[in-house]
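*Asks:* the following block contains a protein sequence and its predicted model.
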Amino acid sequence: MKEKAIVLWSGGKDCNLALQLAKEAGYELVALVTFYSKSTEFRAHARELMDLQSKSLGIPQLLLEIEEPFAENYELQLSKLKDQLAIQVAVSGDISEVHGNSNWISDRAAAVGMNVFLPLWKMERMNVLDLLLKFNFEVVITMVKSTHLDKKFLGRKINPELIEEFKTLEKENGLDLCGEQGEYHTMVLNGPSYRSPVSLNNFSIVQHEDLIHLSELEITLNGEYKVPVLEKQKQCVQCGVPFSCYTKACWCSELPMIMPMENITDCLCPTCLKSAINKKLIENNLDPI
């Protein structure tokens, strides 16, 4: 039986390459998981583009909010994925330590008993870029750090000519060929597992401090594709009864949105949720459902 895996997803070159290598290694890829914080903007990795990637790949994407303390909340979310989706492995496109730190996802996964698959870890930078070319990934530069690259690189695609320019800059200013220290970020428009390419039709360029990035993207996907709906297995935090919920068109979406429900830390089963909603409705002199 194949091990179920999630792919940690930014939409960039490294996670796309890791996804391809994980498929070849025989993992069952259940979801693309993007951790985000409300305090951090998605400047380099547009959510709408990641949504089209998910549709083209036919793999659902989960956006999971993370706030401080980050380590504990990462572990909490990974633990939920392990329990609710039977995930055994987290796939990451990490290549090396960032600023000398240990591998973040390996530390977080180990804490909850989840394995990791890091197919690019410690790989020579040119070998990573060669694999992108081998698999014919269409990769566009979406953000640059002005200390290493200027805005003329934005919107360009990674190809042999660009790689040669990167090699020259590596000698001149220490550019990491794969941008591992944040020198540049990318988004993938097409690859071997994409059913149709994503088209980047237009964009503007914005600067934020020393970061210059694409903005106001006009993007399209040629074709309408269905993405599997994930069924999560949960246990009611109130009565303890197991139940299922879904990432889209869940049964709870048909119920009135009555918030907040004090002291409720996770999902309720249909019976308990209906009871909690009715209590709120009655308190506000409204008819129960």
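*Replies:* Looks like it came in fine. Numbers count the residues shown, from 1 in each chain.

*Asks:* only C-alpha atoms for contact and neighbour calcs from this point on.
*Replies:* Noted.

*Asks:* let me see the ranges of the helices in the stretch 151-289 of the chain.
*Replies:* Counting by DSSP state H, counting those that start in this stretch, the stretch 151-289 of the chain has helices at residues 160-173, 270-283.

*Asks:* elements contacting the first one?
*Replies:* Judged by 3 or more Cα pairs under 8 Å, 6 or more residues apart in numbering; DSSP states H and E, helix 160-173 has no packing partners among the helices and strands.

*Asks:* and the average pLDDT for that helix is what?
*Replies:* Mean per-residue pLDDT for helix 160-173: 98.

*Asks:* buried ones in that helix, by neighbour count?
*Replies:* With burial defined by 16 or more other Cα atoms under 10 Å, the residues of helix 160-173 counted as buried are Ile163, Phe166, Leu169.

*Asks:* same question, the last one
*Replies:* When burial is assessed from 16+ other Cα under 10 Å, helix 270-283 yields the following buried residues: Pro270, Cys272, Leu273, Lys274, Ala276, Ile277, Asn278, Lys279, Lys280, Leu281.

*Asks:* dump the buried residues of helix 160-173 to TSV, plus distance to Lys134.
*Replies:* Shown next, in TSV, are the buried residues of helix 160-173 (distance: Cα to Cα, whole Å):
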residue	distance to Lys134
Ile163	14
Phe166	18
Leu169	23
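
*Asks:* can you tell me how far Trp121 is from Asp210?
*Replies:* Look at Trp121 and Asp210: by Cα to Cα, to the nearest Å, they are 28 Å apart.

*Asks:* more neighbours, these two?
*Replies:* Taking neighbours as other Cα atoms under 10 Å, Trp121 and Asp210 compare with Trp121 leading, 15 against 11.

*Asks:* average model confidence for the longest helix seen in the chain?
*Replies:* Assignment by DSSP state H gives helix 70-85 as the longest helix of the chain. Helix 70-85 comes out with an average pLDDT of 94.

*Asks:* which elements pack onto that helix?
*Replies:* helix 104-111, strand 231-235.

*Asks:* before we move on, back to that, dump the helices of the stretch 151-289 of the chain to JSON lines, plus distance to Asn201.
*Replies:* Shown next, in JSON lines, are the helices of the stretch 151-289 of the chain (distance: least, Cα to Cα, whole Å):
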{"stretch": "helix 160-173", "distance to Asn201": "21"}
{"stretch": "helix 270-283", "distance to Asn201": "44"}
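
*Asks:* what's the next secondary structure element after the longest helix of the chain?
*Replies:* Of the helices and strands lying after helix 70-85 in sequence (DSSP states H and E), the nearest is strand 89-91.

*Asks:* the helices and strands packed on helix 70-85: lowest mean pLDDT?
*Replies:* Lowest mean pLDDT of the helices and strands packed on helix 70-85: strand 231-235, a mean of 87.

*Asks:* mind listing what's buried along it?
*Replies:* Under the neighbour-count criterion of 16+ other Cα under 10 Å, strand 231-235 has Lys232, Gln233, Lys234, Gln235 buried.

*Asks:* same list, those residues, but as CSV with distance to Lys152 please.
*Replies:* Listed next are these as CSV, based on distance: Cα to Cα, whole Å:
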residue, distance to Lys152
Lys232, 45
Gln233, 48
Lys234, 49
Gln235, 52
